[in-house]
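**Student:** Got a predicted model here, sequence first, then my questions.
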Amino acid sequence: MYAIKVENLVKKFGNFRAVNGISFKVKKGEIFAFLGPNGAGKTTTVHILTTLLKPTEGKAEVAGLDVVREAKEVRKKIGIVFQDPSIDRDLTAYENMLIHGGVYGLSGAKLREKIEGLLKFVELWDFKDKLVKHFSGGMQRRLEIARSLLHEPEVLFLDEPTLGLDPQTRDHVWSYIETMREEHDMTIFLTTHYMEEAEKLADKIAIIDHGKIIAEGSCEKLKRMVGNDVIYIKVENCAECFKGEFIRSCKVLQDGRIRIAVENTAEALPKIFELAKENGVKIIEATYHQPTLNDVFLHLTGREIRDEGGEFFRKAIARARMRR
């Protein structure tokens, strides 16, 4: 059974396609990660799935409901933690929870019990009467997670949930996410540009870039696209790929390095130096490691996933909205 189904989804802002014909399915109880750089289309997709934006083309269902025709019913089935903070900083943690519960028709002893349980779950019960404006960024994020769970959603959307958090707080948030799935069989849709976050949490990952899904599968399946080992070399007088039967793939990166995927580094590295010597190429530096999701992104696009391409897309969307 699928908790989310998306078919040929398109979202245009003027002539700019923020989401460009994507299709994917998310199984019930699965943690599904949208991995990509800033401006790739992750947040726009989340806004469509959570009924905040209407698609230009295509179809999307969440919890078996059409996000356009049955938007009101979809909202009852989902929880969301937005990329930007959305809690009232002039209220206490408890007051934020109380108001949000009321929006979903919860009240009385049942609501108070839920609030206490969730604030304890995110380790904020001792701070329930403290104004949120005095909370750290990590505490505010944990409060938003607690608030999103009040009505026991079937599908939880987390848009860059650990953006800007310190490593220790990020680990805590990861722990909460894993616990939510284990204890409540909850479907979680996660967007991130942190490779380690997708690798740590997700059962399935879709890599998105320029509004298109360029690869999809488990973390291990994606890494197998690259090879067993990845070698990076920096050369002095060459901008061409190396060729050999032992080389699975080779690509010249934007920074001038050459990325070579091989089955066995110990066997391949001496051969690479031999090839370089035969062709009069001077190798300045060589490093290697097991493939990561960043290597997959490099393999597919020629650049790193952390490259900041988002500003261009944000400005393009803003200009399109201004024209409208």
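**Tutor:** In hand now; what should we look at?
**Student:** alpha carbons only for contacts and neighbour counts from here, please
**Tutor:** OK.
**Student:** Going by residue numbers, what spans are strands in the stretch 151-300 of the chain?
**Tutor:** Assigned by DSSP state E, counting those that start in this stretch, the strands in the stretch 151-300 of the chain fall at 155-159, 187-192, 204-209, 212-217, 229-235, 247-252, 258-262, 283-289.
**Student:** what pLDDT, on average, does the fifth one get?
**Tutor:** Right, the one you point to is strand 229-235. Averaging pLDDT along strand 229-235 gives 90.
**Student:** same question, the first one
**Tutor:** When pLDDT is averaged over strand 155-159, the result is 95.
**Student:** Identify the residues contacting that strand?
**Tutor:** For strand 155-159, contacts defined as CA atoms under 8 Å, 6 or more residues apart in numbering pick out 3, 43, 46, 62-63, 77-83, 148, 186-192.
**Student:** go again using 7 Å as the cut-off
**Tutor:** Identification of contacts with strand 155-159 by CA atoms under 7 Å, 6 or more residues apart in numbering yields 43, 77-83, 186-191.
**Student:** got it, and the second one?
**Tutor:** Defining contact as CA under 7 Å, 6+ apart, one finds that strand 187-192 is touched by 3, 28-36, 42, 154-160, 181.
**Student:** hmm, try it at 8 Å
**Tutor:** By CA under 8 Å, 6+ apart, strand 187-192 touches 3, 27-36, 42-43, 154-161, 181, 198.
**Student:** next one: the third one
**Tutor:** Here strand 204-209 makes contact (CA under 8 Å, 6+ apart) with 30-37, 40-42, 198, 213-219, 297.
**Student:** Can you select the buried ones from these in ChimeraX?
**Tutor:** ChimeraX command restricting the contacts of strand 204-209 to the buried ones, with burial defined by 16 or more other CA atoms under 10 Å:
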select :30,31,32,33,34,35,36,37,40,41,42,198,213,215,216,218,219,297
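**Student:** what stretches of the stretch 201-324 of the chain score poorly on pLDDT?
**Tutor:** By pLDDT under 70, the low-scoring segments of the stretch 201-324 of the chain are 306-324.
**Student:** try 90 this time
**Tutor:** Applying pLDDT under 90 to the stretch 201-324 of the chain flags residues 223-229, 235-246, 248-257, 259, 261-267, 275-282, 288-292, 294-295, 297-324.
**Student:** Ramachandran angles for Leu106?
**Tutor:** Backbone torsions for Leu106, taken as degrees, to the nearest 10, come to phi -90, psi 150.
**Student:** Next: Gly138.
**Tutor:** Taking degrees, to the nearest 10, you get phi -70, psi -40 for the backbone angles of Gly138.
**Student:** Report the contact partners of it.
**Tutor:** By CA under 8 Å, 6+ apart, the contact set of Gly138 is 165-166, 169.
**Student:** Any regions of the stretch 1-150 of the chain where pLDDT drops low?
**Tutor:** Applying pLDDT under 90 to the stretch 1-150 of the chain picks out residues 1, 37-39, 83-86, 104.
**Student:** Do a quick rundown of the helices in the stretch 1-150 of the chain.
**Tutor:** In the stretch 1-150 of the chain, the segments counted as helices under DSSP state H, counting those that start in this stretch are 42-49, 71-77, 93-103, 108-121, 137-148.
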